[in-house]
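*Asks:* Requesting a structural model of the entry that follows:
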Amino acid sequence: MNVESFNLDHRTVVAPYVRLADTKVLPLGDVIVKYDVRFTQPNVAHLEMPAVHSIEHLFAEHSRNHSARVVDFSPMGCQTGFYLILQGQPEFAEVLELIEATMTDILGATEVPAANEVQCGWGANHSLSAAQEAVTVFLAGRAGWENVTA
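*Replies:* Reported below is the predicted structural model:
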């Protein structure tokens, strides 16, 4: 299938994990990479939307303090994780460090950035505590982030 994740057997993965999902060379030679940042076990558990939405805002804001490579951080429709898109081809260790540093920032946050009706399309749909709870669980699995399958 054309969509990389549709070719992934979701029954074989073990969350939480981080995996390189795609590399694209753009028409002018620029390279972007997409990482699957999986929080919960597919088809077993999912994140509630206020947590997803808040993690998206928090990661998008805080990650840019750690790297100029960040292009986008987007939630998966299945609510089990996110896609992190970066410019260039950083070493995998650099990607893991970026994710870990940003998640640590999220734990120290006192508010969700841009969680209001002026800056967000659904400003009321946020929960800092739910985001921090999900990030705590994700960080607790740090030792296994590089192991995608059992």
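*Asks:* For the rest of this, base every contact and every neighbour count on C-alpha atoms.
*Replies:* Noted.
*Asks:* which intervals of the chain have sub-threshold pLDDT?
*Replies:* Of all residues in the chain, none has pLDDT under 70.
*Asks:* Strands along that one, start to end?
*Replies:* In order along the chain, the chain carries the following strands (DSSP state E): 17-25, 31-38, 70-75, 81-87.
*Asks:* Flag every buried residue along the second one.
*Replies:* It stands for strand 31-38. In terms of neighbour count (16 or more other CA atoms under 10 Å), strand 31-38 has its buried residues at 32-38.
*Asks:* Serialize those residues to TSV and add fields for distance to Val137.
*Replies:* As requested, those are arranged in TSV below (distance: CA to CA, whole Å):
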residue	distance to Val137
Ile32	28
Val33	25
Lys34	22
Tyr35	19
Asp36	17
Val37	13
Arg38	12
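*Asks:* Tabulate the strands of the chain (CSV), appending distance to Glu4.
*Replies:* Listed next are the strands of the chain as CSV, based on distance: least, CA to CA, whole Å:
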stretch, distance to Glu4
strand 17-25, 7
strand 31-38, 10
strand 70-75, 16
strand 81-87, 12
